[in-house]
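K.L.:
Predicted structure and sequence below. I'll ask about it afterward.
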Amino acid sequence: MGVVAAQVPLGTALTGSAVTLAGLRIAFPAPRRREPPFTAVDGVDLEVATGEFVAIVGPTGCGKSTLLNAAAGLLVPSAGRVAIFGEPLAGLNRRAGYLFQADALLPWRTALDNVAVGLEVAGVPTGEARARARGWLDRVGLAAFLQRYPHMLSGGQRKRVGLAQVLIRDPEILLMDEPFGPLDALTRQFMGNLLLELWGAARKAVLFVTHDLEEAIALADRVVIMGAGPAARIIGEWRVELPRPRDIAEVRLEPDFHRLYRDIWSTLRDEVAKTYARGEGPL
Ligand SMILES: Nc1ncnc2c1ncn2[C@@H]1O[C@H](COP(=O)(O)OP(=O)(O)OP(=O)(O)O)[C@@H](O)[C@H]1O
């Protein structure tokens with residue numbers, strides 16, 4: 001059995017970078033004026049290459065969403081820089097699509113109209129936008145549910161509409177923040193495989209935040225571990241060289257998967273313990 005995991009030296013330079021976070025510090029103002037700002041992350045260097053799938057894992061509250069929000073242009077760094085395809089990011093990152101844990105579907109629009117709306121806003125004529133939305137809903141297996149409103153769909157079906165809603169705009173980068181968090185285990189697996197299938201067809205750069213190390217290894221090319229905050233930073237990176245295409249249920253049965261899991265967990269568990277020790281709860 002070949003080596004599947006290689007711990008990558010931190011800050012390894014990559015060429016063709018889609019997302020660059022360099023020396024990033026994000027501090028939030030304190031609720032009271034006299035108190036110092038709260039530094040969530042500090043000294044973060046992270047690159048996502050074009051077409052690369054990177055997962056970020058870390059204890060609760062360490063700053064995973066904060067990093068994603070910085071890459072989305074929703075948060076302005078206190079220090080360091082964010083570059084998108086080599087260009088400094090100013091304002092919203094319009095080359096990225098963003099999928100959150102919570103649904104972003106409009107309750108008064110059908111699945112079809114929810115998927116078409118992004119194109120309509122971008123000026124695509126309604127007929128064409130709806131035709132393309134039909135195609136995307138077909139690809140995510142919802143051809144029979146076009147006219148359903150969000151409340152008439154299951155959690156997994158709503159996630160599939162959300163995925164179609166993001167992918168129809170053909171973003172070059174996908175920023176995903178625990179997108180399958182609220183789903184049951186089987187639906188998470190289904191969604192993971194669907195994501196890999198769609199990603200395999202049109203390799204986007206993906207930055208995927210999850211608290212689930214197994215999910216991270218099953219999906220990603222590289223797993224990045226963040227330490228406990230405050231002033232959290234990246235404490236380790238592992239390349240996942242399990243073959244693709246992967247079935248995310250099957251790949252978890254591989255001995256190489258277990259070896260990699262044990263290796264990464266030996267680093268992660270200390271950070272989780274620090275978070276517990278401060279009374280901030282589970283991962
Ligand atoms: N707007 C804000 N103002 C002040 N502090 C904030 C703000 N947003 C986040 N924080 C703090 O920054 C830290 C990082 O938060 P973040 O949401 O990025 O963590 P996370 O790793 O995504 O957590 P989880 O896994 O629980 O979702 C936390 O301590 C959080 O309380």
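P.N.:
All right, it came through fine. Note that the structure is a prediction, hence the values are computed from the model and not measured.
K.L.:
tell me which element residue 247 falls in.
P.N.:
Assessed by DSSP states H and E, residue 247 sits outside every helix and strand.
K.L.:
do the same with residue 54
P.N.:
Under the criterion of DSSP H and E, residue 54 resides in strand 53-57.
K.L.:
Each with direction, which strands does that strand pair with?
P.N.:
In its sheet, strand 53-57 lies beside strand 205-209 (parallel), strand 222-226 (parallel), with partners assigned from DSSP bridges.
K.L.:
Point out the most buried one among these.
P.N.:
With neighbours defined as mean count of other CB atoms under 10 Å, the strands paired with strand 53-57 peak in mean count at strand 205-209, which reaches a mean of 26. Every C-beta, even on glycine, is put in place using the N, C-alpha and C of the backbone.
K.L.:
Can you name the residues that contact residue 28?
P.N.:
Residue 28 sits next to 37, 38, 40 when contact means CB atoms under 8 Å, 6 or more residues apart in numbering.
K.L.:
Report the contact partners of the first one.
P.N.:
With contact taken as CB under 8 Å, 6+ apart, residue 37 is in contact with 27, 28, 29, 30, 78.
K.L.:
go again using 7 Å as the cut-off
P.N.:
Under the criterion of CB atoms under 7 Å, 6 or more residues apart in numbering, the neighbours of residue 37 are 27, 28, 29, 30.
K.L.:
In CSV: the strands paired with strand 53-57, plus distance to residue 83 and mean pLDDT.
P.N.:
Formatted as CSV, these follow (distance: least, CB to CB, whole Å; pLDDT from 0 to 100):
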stretch, distance to residue 83, mean pLDDT
strand 205-209, 13, 97
strand 222-226, 17, 96
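K.L.:
JSON lines please, covering the ones you listed and showing distance to residue 146.
P.N.:
Shown next, in JSON lines, are the strands paired with strand 53-57 (distance: least, CB to CB, whole Å):
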{"stretch": "strand 205-209", "distance to residue 146": "27"}
{"stretch": "strand 222-226", "distance to residue 146": "37"}
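K.L.:
Please convert these to JSON lines, extending it with distance to the ligand.
P.N.:
Written out in JSON lines, the entries for those read as follows (distance: least, CB to the nearest ligand atom, whole Å):
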{"stretch": "strand 205-209", "distance to the ligand": "6"}
{"stretch": "strand 222-226", "distance to the ligand": "7"}
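K.L.:
Can you pull the residues of the stretch 1-150 of the chain lying near the ligand?
P.N.:
With CB under 6 Å from any ligand atom as the criterion, the stretch 1-150 of the chain comes near the ligand at residues 28, 38, 40, 58, 60, 61, 62, 63, 64, 65, 66.
K.L.:
Apply 8 Å and report the result again.
P.N.:
Residues of the stretch 1-150 of the chain that fall close to the ligand, judged by CB under 8 Å from any ligand atom: 26, 28-31, 38, 40-41, 58-69.
K.L.:
Select from those residues every entry located in helices.
P.N.:
With helices taken from DSSP state H, the overlap with those comprises 64, 65, 66, 67, 68, 69.
K.L.:
Just put those in JSON lines and tack on neighbour count and pLDDT.
P.N.:
Rendered in JSON lines, the data for these read as follows (neighbours: other CB atoms under 10 Å; pLDDT from 0 to 100):
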{"residue": "64", "neighbour count": "25", "pLDDT": "95"}
{"residue": "65", "neighbour count": "19", "pLDDT": "94"}
{"residue": "66", "neighbour count": "23", "pLDDT": "96"}
{"residue": "67", "neighbour count": "30", "pLDDT": "96"}
{"residue": "68", "neighbour count": "23", "pLDDT": "95"}
{"residue": "69", "neighbour count": "17", "pLDDT": "95"}
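K.L.:
which one among those gets closest to residue 212?
P.N.:
Ranked by distance to residue 212 (CB to CB), these are led by residue 64 at 11.9 Å.
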